[in-house]
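Visitor: structure for the following, please:
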Amino acid sequence: MLATTNPTPVTTSSGASAWLYVGPDERDRELEIIALEIRPTDAAQPYLLVIHVMPTQLRG
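Guide: Numbering: from 1, shown residues only. Model (predicted):
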């Protein structure tokens with residue numbers, strides 16, 4: 001789902017910059033995913049750390 005969805009920039013409750021992805025999974029359930037972009041200090045390639053995954057239908 002991350003590869004086929006355009007993310008929206010968001011800020012976490014702790015103030016960190018993150019990406020919000022919303023889209024269907026392989027079973028066609030809509031999910032929301034929040035990921036932090038990690039930039040290692042040793043110049044290694046940046047990566048995404050997923051910190052939240054939830055079906056959108058559970059959002060109140």
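Visitor: only C-alpha atoms from now on, for both contacts and neighbour counts.
Guide: Fine.
Visitor: is the most centrally placed residue in the chain in a helix, a strand, or coil?
Guide: Central residue of the chain (C-alpha atoms, centre = their mean): Ile34, 2.8 Å from the mean position. Following DSSP: H, G, I helix; E, B strand; the rest coil, we place Ile34 in the strand state.
Visitor: burial check on the spatially closest residue to it that is not a sequence neighbour, number of neighbours?
Guide: Once flanking residues are discounted, Ile34 sits nearest to Leu20: 4.7 Å by C-alpha to C-alpha, 6 or more residues apart in numbering. Neighbour count of Leu20, defined by other C-alpha atoms under 10 Å: 21.
Visitor: and the contacts of the helix or strand hosting Leu20?
Guide: For Leu20, the host element (DSSP states H and E) is strand 17-24. Outside strand 17-24, the residues within contact range by C-alpha atoms under 8 Å, 6 or more residues apart in numbering are 1-2, 5-12, 29-37.
Visitor: swap the cut-off to 7 Å and go again
Guide: Contacts to strand 17-24, defined as C-alpha atoms under 7 Å, 6 or more residues apart in numbering, come from residues 1-2, 5-12, 30-37.
Visitor: related to what we said a few turns ago, the residue nearest to the centre of the chain pairs with what?
Guide: Leu20, His52 (DSSP bridges).
Visitor: many thanks, have a good one.
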